[in-house]
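Trainee: Whatever this is, show me its structure:
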Amino acid sequence: MANSQNGFPGLESDSDRLHKWIIPGTGRYFVMRNGSAGFLLAHFAHWYHHRIEPIDGGIWDEWGYAYRPVRDGSDLSNHASGTAIDINATRHVLGRDDTLLFKVRHRGKLVVARTRIATKLAVTYRRTIRAGAFYTGRKDEMHYEINASLSMCEVQARRLMRGRRGQLILAANPGQEAVIWS
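Mentor: Numbering: from 1, shown residues only. Next comes the predicted model:
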């Protein structure tokens, strides 16, 4: 099986490496790779729901696994390896670069959502997740993908799983802690 752009192997839809990641308190889920890569994206989606904008309003436009090439390309999409998600896709349309300019509260101040996301990805996730909002070419403000090796993802997942948000994610997704540690 071919690898997706980030080097993870593509997965068939019946793969036992795919997991339906429940995002606690949202009524939503993403089908993603099991273990640390999926955990990091689920952790991020939960944070995004609480700190940027709700993911559970309106139509279901939260997308995860899909075996397909990159839009308008031939490389295998990171969605095909279960290592990418799209959040509020109908609000953050592919090709637009102005949909994350609204303000969110952070430490008592209002900051631009895109700036807050960039800081969170750098500090908390230590650049294991990349946002399509920061692509140099066509912007994809709905899109978040694993941008690190499995070993780097494991280090960050093990660190984050000890926190409150990590414990909520693991409680909603039984069996995934064992996959992260395996």
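Trainee: which outside residues touch the worst-scoring helix or strand of the chain on mean pLDDT?
Mentor: Here the helix or strand of the chain ranked lowest by mean pLDDT, DSSP states H and E is helix 176-181, holding a mean of 92. For helix 176-181, contacts defined as Cβ atoms under 8 Å, 6 or more residues apart in numbering pick out 19, 21, 34-36, 38-39, 154, 157-158, 161, 169-170. (Glycine included, C-beta is placed from N, CA and C.)
Trainee: neighbour-wise, which of those leads?
Mentor: residue 38 (31 neighbours; other Cβ atoms under 10 Å).
Trainee: ok, what's across the strand from the residue lying closest to that residue once chain neighbours are set aside?
Mentor: Distance criterion Cβ to Cβ, 6 or more residues apart in numbering; nearest residue to residue 38, sequence neighbours excluded, is residue 32 at 3.9 Å. Listed by DSSP bridges, the beta-bridge partners for residue 32 are residue 19.
Trainee: hang on, the earlier thing: filter the contacts of helix 176-181 down to just the ones in strands.
Mentor: Counting by DSSP state E, those place 19, 21 in strands.
Trainee: Let me have the contacts of helix 176-181 in CSV, extended by pLDDT.
Mentor: Converted to CSV, the contacts of helix 176-181 look like this (pLDDT from 0 to 100):
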residue, pLDDT
19, 98
21, 98
34, 97
35, 96
36, 97
38, 98
39, 98
154, 96
157, 97
158, 97
161, 96
169, 98
170, 98
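Trainee: Quick check: helices, which of the contacts of helix 176-181 are part of them?
Mentor: 35, 36, 38, 39, 154, 157, 158, 169, 170 (DSSP state H).
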